[in-house]
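> no sequence on this one, just coordinates:
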């Protein structure tokens with residue numbers, strides 16, 4: 001039993017990885033394809049008619065009260081034709097947004113921030129491909145925008161700016177990091193609204209609303225802010241990644257609602273201080289960042305409009321009563337951009353910018369990036385990769401250097417493990433003699449074997465320790481490659497243009513000789529994505545297996561013979577950076593184990609074992 005522990009553990013670990021691959025990769029890929037087909041079939045359907053936070057009388061679509069929240073969409077299910085993004089932008093007067101990272105415009109009609117593109121990030125690795133579009137106006141295929149304003153007290157008849165209100169710009173010019181803009185609206189009943197919008201050189205908008213009352217009665221108003229997204233967006237579909245509504249809501253902590261979850265709940269309300277909330281994609285996000293001391297009635301919601309869901313995160317602040325001759329003001333902040341670790345809130349040695357978490361004293365804004373439950377491993381892994389990247393300028397080289405660093409950190413444990421394995425090799429003749437001496441007494445074999453292990457101070461399961469140590473490193477690196485924008489489109493050398501994507505080469509097309517995609521074949525297609533680096537990884541794993549003598553047990557022989565091939569196909573669809581790590585780690589393990597074996601006086605039988613793999617077959621063929 002004891003001599004089979006390594007085999008049992010290896011099988012268990014392999015099974016866990018296989019199950020994880022099936023659950024986290026294969027199944028989501030199939031769901032992703034089904035969702036894409038469904039989205040394509042629904043593309044021709046008309047989009048629902050969008051509304052606004054206020055009705056024509058100036059109130060919100062929902063009942064205005066201190067406990068009510070602003071609503072960005074009307075409850076009407078009437079449909080309007082979908083227009084192109086360019087046509088929707090041209091349909092109303094606008095103020096240009098021009099920063100090093102964001103370009104777009106603000107609609108004077110409704111004063112929505114509804115046109116944003118991320119100029120530093122492209123749809124593909126081709127730098128000439130279109131920029132990533134974050135916000136789009138209403139009536140487009142995928143409306144997504146932020147809105148700010150005021151909600152009246154319950155029962156009040158106050159004319160407030162709504163979606164049809166055309167604001168006037170005071171002065172002229174575009175919104176840039178050095179030139180804020182000011183908008184003005186007079187309701188004709190004694191209330192004058194001013195809105196000042198500023199933007200920094202990253203992704204932060206600052207909005208200040210002022211209202212002055214020269215009417216004949218005081219007025220009570222509630223400041224609000226919202227982010228609205230029409231239609232269920234396409235998501236990556238991976239269990240380890242959250243995409244949907246997100247916020248860190250004071251004492252209630254991190255609150256994540258996937259689109260399906262909020263569809264079921266319809267609406268979730270929070271009373272919170274010191275929080276933020278928004279909507280996140282894999283790499284991009286939009287979040288409301290209210291003042292830390294503001295008392296908020298915050299909400300996540302999903303509203304069915306026609307056949308489509310509209311998703312919204314919003315908050316309502318405490319009321320302000322504006323006396324005759326008095327003024328009221330409210331401030332809001334909007335993050336709309338990429339989830340760069342240094343921007344959202346991790347301190348980097350190479351960046352003078354401490355991130356918005358520190359700069360704005362936000363409550364765990366760094367959790368906008370889904371570091372996962374094992375953030376205590378994932379974050380250090382990312383920081384190490386980023387550190388070496390700034391030294392060498394290539395994330396692929398950084399992965400190789402971090403692998404060496406991890407090897408050094410675990411060297412004492414691995415050294416002890418390999419030394420135990422070397423001792424185990426040295427007693428192989430004694431173990432073989434036991435089987436000859438007690439061929440029919442398995443119990444006696446086990447007893448004598450344990451005595452030998454005890455005498456030689458051998459740990460029979462030590463050989464699994466190096467593999468076990470790789471598991472947390474493997475998954476933390478996978479998480480970093482999968483969720484961080486820094487890894488997106490990060491090149492290595494040669495044909496690897498994106499370390500976060502699988503190796504683009506494929507053995508089954510003879511590396512591009514045949515122009516077809518075998519992965520589209522039913523049933524087995526997803527297994528037919530075998531690139532060069534996965535094959536390199538498989539060879540290095542095979543070498544590592546051959547470093548040890550052939551196990552005497554036929555079951556063990558079969559497992560260790562097929563394991564490299566299984567892992568080769570299994571990891572072929574994983575990010576190239578992860579496969580490169582595994583291949584490099586295997587190579588270092590072979591070198592390390594060979595060195596330790598020599599130091600313990602054990603012969604390194606790597607090439608002898610490789611020759612023996614092919615030798616018997618040749619002898620059998622010659623006899624035949």
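Yep, it's here. Just so we're clear, the structure is a prediction, and the values are computed from it rather than from any experiment.
> How many neighbouring residues does residue 493 have?
Counted with other Cβ atoms under 10 Å, the neighbours of residue 493 add up to 9. For the C-beta atoms, the positions are set from N, CA and C on the backbone; glycine is no exception.
> Helix or strand for the closest residue to it other than its chain neighbours, just tell me which one.
Counting by Cβ to Cβ, 6 or more residues apart in numbering, residue 493 lies nearest to residue 396, which is 6.7 Å off, once chain neighbours are set aside. Per DSSP states H and E, residue 396 falls inside helix 395-409.
> which of the residues in the helix ranked longest in the chain are buried?
If you go by DSSP state H, the chain has its longest helix at helix 576-599. Neighbour-count burial for helix 576-599, with 16 or more other Cβ atoms under 10 Å as criterion, is recorded at 576-590, 592-594, 596-597.
> Just the angle for that helix relative to helix 395-409, thanks.
30 degrees (axes from the mean of the first three to the mean of the last three Cα atoms, to 10 degrees).
> Chain neighbours aside, what residue packs nearest to residue 95?
Excluding the flanking residues, the one nearest residue 95 by Cβ to Cβ, 6+ apart is residue 106, at 4.7 Å.
> ok, the closest residue to residue 366 other than its chain neighbours to residue 201 distance?
Of all residues not flanking residue 366 in the chain, residue 345 sits nearest, at 3.8 Å (Cβ to Cβ, 6+ apart). The gap separating residue 345 from residue 201 is 17 Å, by Cβ to Cβ, to the nearest Å.
> what about the two, which has more around it?
It is residue 345, of residue 345 and residue 201, that has more neighbours when counted by other Cβ under 10 Å, with 21 against 13.
> who's in contact with the more buried one?
Residue 345 sits next to 354-358, 362, 365-366 when contact means Cβ atoms under 8 Å, 6 or more residues apart in numbering.
> Which positions in stretch 122-132 come out as buried?
122, 132.
> Same check on stretch 105-118?
Going by neighbour count (16+ other Cβ under 10 Å), the buried part of stretch 105-118 is 105-108, 110-118.
> same deal with stretch 378-388?
By 16+ other Cβ under 10 Å, the buried positions in stretch 378-388 come out as 378-379, 381-388.
> end-to-end on stretch 151-163?
Taking Cα to Cα, to the nearest Å, stretch 151-163 runs 13 Å from one end to the other.
> Would you agree residue 332 falls within a strand?
Yes. The assignment for residue 332 (DSSP: H, G, I helix; E, B strand; the rest coil) places it in a strand.
> mind checking pLDDT for it?
Predicted confidence (pLDDT) at residue 332: the value is 97.
> For it, give its distance to residue 300.
From residue 332 over to residue 300 the distance is 18 Å, taken as Cβ to Cβ.
> got it, and residue 205?
21 Å.
> Hmm, residue 206 and residue 148 touching each other?
No. Residue 148 lies out of contact with residue 206 (Cβ atoms under 8 Å); the separation is 10.9 Å.
> any common contacting residues for the two?
Shared contacts of residue 148 and residue 206, defined by Cβ under 8 Å, 6+ apart, comprise residue 332.
> the more surrounded of these two?
Neighbour totals were compared for residue 148 and residue 206, and residue 148 leads with 24 against 15 (other Cβ under 10 Å).
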